[in-house]
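Colleague: I'd like to go over a predicted model; first the sequence, then the structure.
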Amino acid sequence: MESTTNTGIISFLGAEQGPWKIASMQTLIGAPLPEASCLNIQQGAITPDHDSDAKWVLHGFISNLRYTHRSEKTMLDEHSKPLGRPEYNAAALIPIQKSKEWWNLAQDERRRIFEEDSKHIQQSAEFLTFISRQLHHSKDLGEGFDFLTWFEFSSEHTEQFDALCAILRKTEEWQYVTREIDIRLLKQ
Ligand code: HEM
């Protein structure tokens, strides 16, 4: 049994059963999460109780853009595909935390590192032809992560997705990442 508060919050539960099978869970930096077999995504702030099969739950919510300029937003809106495409049988949940140093910067300094230095949007944009994505914010919920990043794609494109992650992880932006777990999933 689980209790739910319906608040616009989305809950990601690592459990024994669920529509997404956890194919791998790689802790790149920081504390790991307990092993789980499957992932469930549910609307509402779910708090699993003692007889739930959940090993962990992460909460996030969809928010407004912080760093994206108008021209970038227009380009993203034109090229982004919605989640839930039947041919996208693979997914990645990558929870990320950034350092105090990052959060102590001013908004314009973070934007400069994110895009002018790291080219997060510029380098990622071409991947939108085969990746659907959704960013969830967690920091303001006081969770162990600041972001729950979610991606869906066809398993045929796993190598390309890995290549994008490798590009981003070499950027200056990633110098500020203090916790990152790369969770790969397959649709059951
Ligand atoms: C599929 C291609 C991708 C595109 C088009 C993309 C685009 C974006 C955009 C536009 C933002 C800024 C949102 C804002 O203005 O607030 C953003 C933020 C973010 N993205 Fe990506 N991204 C992609 C892939 C990835 C990947 C693979 C990862 C993780 C490995 C990632 C991690 C993040 C994180 C953590 C943030 C939040 C940054 C912050 O606010 O400090 N993105 N992304």
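Modeller: Sure, I can see it. Numbering: from 1, shown residues only.
Colleague: contact partners for residue 61?
Modeller: Contact analysis of residue 61 by CB atoms under 8 Å, 6 or more residues apart in numbering lists 7-10, 136-138, 141. Yep, even glycine has a C-beta here, placed from its N, CA and C like the rest.
Colleague: which parts of the one helix or strand residue 58 maps to are buried?
Modeller: Using DSSP states H and E, residue 58 maps to strand 56-60. Neighbour-count burial for strand 56-60, counted by 16 or more other CB atoms under 10 Å, picks out 57-60.
Colleague: can you tell me the strand partners of the lengthiest strand in the chain and which way each runs?
Modeller: Longest strand of the chain, by residue count under DSSP state E: strand 2-15. Strand 2-15 sits in its sheet next to strand 38-48 (antiparallel), strand 56-60 (antiparallel), going by DSSP bridges.
Colleague: just the buried ones from the contacts of residue 61?
Modeller: For these, buried by 16+ other CB under 10 Å: 9-10, 136-138, 141.
Colleague: of those, closest to the ligand?
Modeller: Nearest to the ligand out of the buried ones among the contacts of residue 61 is residue 137 (CB to the nearest ligand atom; 7.9 Å).
Colleague: the residue lying closest to the closest one once chain neighbours are set aside is in what secondary structure piece?
Modeller: Leaving aside its sequence neighbours, residue 137 sits nearest to residue 63 (CB to CB, 6 or more residues apart in numbering; 4.6 Å). In this structure, residue 63 sits in neither a helix nor a strand according to DSSP H and E.
Colleague: wait, residue 63 sits on residue 139?
Modeller: No: applying CB atoms under 8 Å as the test, residue 63 and residue 139 come out as separate, 9.9 Å apart.
Colleague: returning to what we had before: got the buried ones among the contacts of residue 61 as JSON lines, with pLDDT and distance to the ligand columns?
Modeller: Below are those laid out as JSON lines (pLDDT from 0 to 100; distance: CB to the nearest ligand atom, whole Å):
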{"residue": "9", "pLDDT": "97", "distance to the ligand": "18"}
{"residue": "10", "pLDDT": "97", "distance to the ligand": "16"}
{"residue": "136", "pLDDT": "98", "distance to the ligand": "10"}
{"residue": "137", "pLDDT": "98", "distance to the ligand": "8"}
{"residue": "138", "pLDDT": "98", "distance to the ligand": "10"}
{"residue": "141", "pLDDT": "96", "distance to the ligand": "15"}
